[in-house]
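Novice: What follows is a predicted structure for the sequence shown.
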Amino acid sequence: MAKRKLIAVSFASMLVAGTLAGCVTSSTSTKGSEATPTAAVQKKYDIKVFTTRIQPNPDSDVMKKVQEKLGQNLIVTAAPDAEYNNKMNLLYASNDLPDVFNVNGNDEILKNATAKFTEDEFKKYMPDIYAVALKQYQDYGVSKEAAFNRFSVNGKLAGVMMGQTSTSHPYGLVLRKDMVDSFGLKTPQTLNDWEAILKAYKEKYPTKYPITARGKDAFQQSFYLVLAANGVTYNNWQLKDNKLVYAPFMPEMREALATLNKWYKAGYINPEWITMDNNTVNNEWINGNTIYYQFLGLNIKIQDLPEGDASMNGRQLVKNPQAKLDYVPFPKAKDNIKPALITYEGIVNQALAFGKQLEKDPDKLHAVMKAVNALKTDPELYKLLSTGIEGKTYDMVDGVPSVKKEFNNADAQTKEGFNWGIPGGTNWDIQKSLSAKFYIDNLKKYVEDASGLYSKENNEWAFNKVNGPLISPSGENLDTKGTAKLEEYKRMFAEVVIGTKSLEDFDKFIEQYKKEVGIDMTEAANRLYLKQWLK
């Protein structure tokens with residue numbers, strides 16, 4: 001019985017991880033198999049790939065090397081994270097589907113617009129991905145049948161997800177320890193400790209705000225600190241007594257909102273938070289205008305940064321040479337509540353899929369499957385896609401690729417044609433072997449050790465979003481109604497924080513939310529949980 005208390009990864013985070021790891025060890029590769037496109041003479045196809053973030057320059061040296069090794073012509077189009085789904089829906093509506101794209105498990109595109117294939121085809125044309133998938137499913141405690149079921153339609157696979165171990169680790173909470181020390185205060189353990197720090201900050205810097213958040217639409221990153229302390233997440237399912245509960249309906253959500261409203265009135269929260277995006281929040285941190293960063297990956301270095309480091313924290317040290325950063329525990333609101341850390345389940349809702357038009361040309365479908373297998377499992381292709389060309393865009397440092405400073409930005413990476421990837425998961429063994437030593441050390445210290453700040457033992461992890469759609473017993477698809485209600489919830493959440501709506505207004509809204517769709521959603525989610533996990 002799988003009892004992981006985890007949460008789904010955003011598509012953006014999944015693609016970053018997919019870019020960082022796309023290969024398997026030699027023990028899982030198949031020499032001379034049909035999975036290697038260059039192993040025999042083959043027909044060359046134009047393969048349209050729709051991805052996110054980086055749209056690589058097709059004339060770059062990286063892309064030329066990729067095309068040569070694959071023996072196929074990749075035509076890569078990308079959309080910004082926030083625009084990907086809308087653009088995919090437009091392609092779907094206009095019947096102009098790419099050959100390779102991302103699919104969501106509760107999306108009608110999965111059912112109506114993907115090429116369906118058998119497990120035997122999966123195993124034959126993507127053998128390395130298949131082998132990694134089975135191994136990682138076992139590691140997650142999920143049966144092959146349950147994992148495949150998430151992306152199956154009428155008994156055939158409509159998408160591929162081999163797992164995302166790297167993103168099942170929590171993000172850390174990083175504090176400006178030098179500021180706290182200057183206030184004469186200790187490392188915070190509770191929300192009361194944090195309130196004392198925020199008060200001291202505001203007294204010293206009356207025109208600044210110690211708290212920022214990525215806007216009301218940033219889901220998990222809207223006041224993660226306070227929500228986690230109260231044992232809730234912004235809008236996800238959590239496992240309580242082996243049943244799923246929707247976090248907005250939990251009484252602890254009301255308590256979290258009460259704290260946020262109190263802190264807003266005290267001037268601790270930047271009043272512009274609703275319109276803040278990633279860049280704004282990052283710049284506030286870089287400029288020293290906030291006291292903590294609430295969603296920082298353990299793969300981002302915060303200490304012992306080399307001179308001239310171009311990372312977010314490196315730039316902060318240029319502006320604030322006295323800055324001392326440290327990971328700290330997520331606080332507790334009450335002794336009997338463990339912090340609800342956001343982390344990602346090994347098998348996420350998003351997966352790789354192939355356009356339905358490929359069903360009419362099985363030879364091309366199989367060629368595309370082979371190409372994808374190589375893109376995600378060949379070591380040379382992995383390095384090309386993720387870091388470019390050794391000596392030009394990256395150097396090997398302590399045995400792992402390290403992107404040069406001048407290429408550590410989206411414009412340069414677009415021009416040089418690297419740091420893009422294809423969804424469908426990663427091989428954690430290879431990703432770990434090619435990750436920086438400090439990242440592996442962070443995982444050991446903070447996550448894998450039972451006493452670590454972000455270990456399972458010390459935190460209550462949220463559960464993954466169930467792989468929908470959520471269907472009522474009468475056959476009604478609840479997702480449409482639920483999505484509309486979620487938008488109302490976001491507005492209500494923001495209005496309670498800034499005080500234009502009261503907690504009593506929130507109570508009334510939640511009761512109506514439950515009546516309209518919430519109770520039915522919860523029952524449907526638990527039915528899916530039983531189907532997808534208890535195997």
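Specialist: Cool, got the structure.

Novice: Just the buried positions in the top helix by length along the chain, please.
Specialist: Ranked by residue count, the top helix of the chain under DSSP state H comes out as helix 479-498. Residues of helix 479-498 classed as buried: D479, K481, G482, K485, Y489, K490, M492, F493, A494, E495, V496, V497 (neighbour count, 16 or more other Cβ atoms under 10 Å). Quick note: C-beta positions are derived from backbone N, CA and C, even for glycine.

Novice: Closest to A196 out of those residues?
Specialist: Of all the buried residues of helix 479-498, A196 sits closest to V497, with 20.8 Å by Cβ to Cβ.

Novice: so the closest one sits right up against K262, yeah?
Specialist: No. Under the criterion of Cβ atoms under 8 Å, V497 makes no contact with K262, lying 10.0 Å away.

Novice: would you list every one of the helices in the stretch 201-350 of the chain?
Specialist: Using DSSP state H, counting those that start in this stretch, the helices of the stretch 201-350 of the chain run over 224-229, 251-265, 278-286, 312-319.

Novice: closest to Q357 out of these?
Specialist: Using Cβ to Cβ, the nearest of the helices of the stretch 201-350 of the chain to Q357 is helix 278-286, at 35.1 Å.

Novice: Report the buried residues of that closest one.
Specialist: Using 16+ other Cβ under 10 Å as the test for burial, helix 278-286 gives T280, V281, N282, N283, E284, W285, I286.

Novice: Next: stretch 445-465.
Specialist: For stretch 445-465, by 16+ other Cβ under 10 Å, it's 445-447, 452-456, 458-465.

Novice: among those, which are in strands?
Specialist: Here DSSP state E is the test, and the buried residues of stretch 445-465 give no hits in strands at all.

Novice: Quick one: name whatever helix or strand follows the helix or strand bottoming out on mean pLDDT in the chain.
Specialist: When each helix and strand of the chain is scored by mean pLDDT, DSSP states H and E, helix 11-20 comes last, with a mean of 37. Counting by DSSP states H and E, the element after helix 11-20 in chain order, helix or strand, is strand 46-52.

Novice: Give me the helices and strands touching that following strand, please.
Specialist: Where contact means 3 or more Cβ pairs under 8 Å, 6 or more residues apart in numbering; DSSP states H and E, strand 46-52 is packed against helix 11-20, strand 73-79, helix 81-93, strand 100-104, helix 362-377.

Novice: Which parts of that strand count as buried, going by neighbours?
Specialist: Across strand 46-52, burial judged by 16+ other Cβ under 10 Å covers I47, K48, V49, F50, T51, T52.

Novice: pLDDT check: weakest of those residues?
Specialist: For these, the weakest pLDDT value sits at T52, with 87.

Novice: thought it was touching A82?
Specialist: No. The pair T52 and A82 fails to qualify as a contact (Cβ under 8 Å) at a distance of 9.5 Å.

Novice: Now L225. Nearest residue, chain neighbours left out?
Specialist: Distances taken as Cβ to Cβ, 6 or more residues apart in numbering put Q294 closest to L225, at 5.0 Å, once the chain neighbours are dropped.

Novice: who's the residue lying closest to I302 once chain neighbours are set aside bridged to?
Specialist: Distances taken as Cβ to Cβ, 6+ apart place L325 nearest to I302, at 4.3 Å, with adjacent residues excluded. Counting by DSSP bridges, L325 is bridged to R176.
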